[in-house]
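> This is a predicted model, with the sequence first.
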Amino acid sequence: MKYPIQLLNKIFCLSLLTLSISCGSAKCNDKLIAKDCPPDGKCTLTIHKNKSLYTNTNELGELVYEMQDNDTKDIAVYTYNRTPPKNVQDGTYREEVIVEVDRKPKTSVLDGKIRAKALFGRFCYCKGSTGYYKIEAGDLIKSSGDQEVYEFNFKITEVPQVLQKIQFSLK
């Protein structure tokens with residue numbers, strides 16, 4: 001009896017994830033990214049303009065997030081999809097890094113200890129170690145110049161991770 005409930009929970013979480021990431025009527029940009037992407041997969045970046053990140057826990061105690069309108073912030077969602085092995089039914093693996101960025105940041109937005117909202121998501125057939133986790137420590141540095149390139153180095157302790165560094169631009 002536990003297996004169907006766990007399966008339903010995963011389907012519900014994936015549905016909620018799909019709804020929360022989709023652009024809908026909000027402004028966003030999808031770009032294929034090669035830089036810093038592990039060679040065994042593909043990475044994409046979605047920028048949600050004028051959005052702020054809010055987290056909560058659902059009735060199952062899992063961390064969930066939503067985006068709300070905010071004229072001073074943007075959200076970057078960096079997604080890594082590992083190419084699944086052939087002939088393996090449960091071989092999919094995905095990681096997400098979600099970072100809220102203030103549009104008027106200082107040169108070093110985050111320094112050692114996170115002072116902004118950032119999440120790490122791990123989704124795979126990895127019993128007990130999937131879902132979203134708050135990123136508690138890392139460095140988010142904005143390069144000086146017109147391009148607004150951010151480099152985010154981070155580490156979490158709750159689950160294994162492939163991504164430990166990402167780069168993105170808000171323009």
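All right, it came through fine.
> Would you enumerate the residues in contact with Lys117?
For Lys117, the contact set (C-beta atoms under 8 Å, 6 or more residues apart in numbering) comprises 52-53, 55, 99-100. Backbone N, C-alpha and C define where each C-beta goes, glycine included.
> Now with 10 Å, please.
52-55, 65, 73, 75, 98-101, 134-135 (C-beta atoms under 10 Å, 6 or more residues apart in numbering).
> Make CSV from those and add secondary structure to it.
Below are the contacts of Lys117 laid out as CSV (DSSP: H, G, I helix; E, B strand; the rest coil):
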residue, secondary structure
Ser52, strand
Leu53, strand
Tyr54, strand
Thr55, strand
Tyr65, strand
Lys73, strand
Ile75, strand
Ile98, strand
Val99, strand
Glu100, strand
Val101, strand
Lys134, strand
Ile135, coil
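> In CSV, list these along with pLDDT, neighbour count and distance to Val88.
Compiled in CSV, the contacts of Lys117 are given as follows (pLDDT from 0 to 100; neighbours: other C-beta atoms under 10 Å; distance: C-beta to C-beta, whole Å):
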residue, pLDDT, neighbour count, distance to Val88
Ser52, 94, 18, 38
Leu53, 95, 22, 33
Tyr54, 94, 13, 36
Thr55, 93, 13, 32
Tyr65, 95, 20, 30
Lys73, 91, 22, 39
Ile75, 93, 25, 33
Ile98, 96, 24, 27
Val99, 93, 26, 31
Glu100, 92, 22, 35
Val101, 87, 24, 36
Lys134, 93, 14, 31
Ile135, 92, 22, 29
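> Tell me the one of those residues nearest Gln89?
Gln89 lies nearest to Ile98 out of the contacts of Lys117, by C-beta to C-beta, at 28.1 Å.
> doesn't Leu163 make contact with the closest one?
No. Contact criterion C-beta atoms under 10 Å: Ile98 and Leu163 do not qualify, at 11.7 Å.
> Between those two, which contacts overlap?
Here Ile98 and Leu163 have 78-79, 120 as joint contacts, going by C-beta under 10 Å, 6+ apart.
> Can you list which of the residues you listed are found in strands?
Counting by DSSP state E, the shared contacts of Ile98 and Leu163 place 78-79, 120 in strands.
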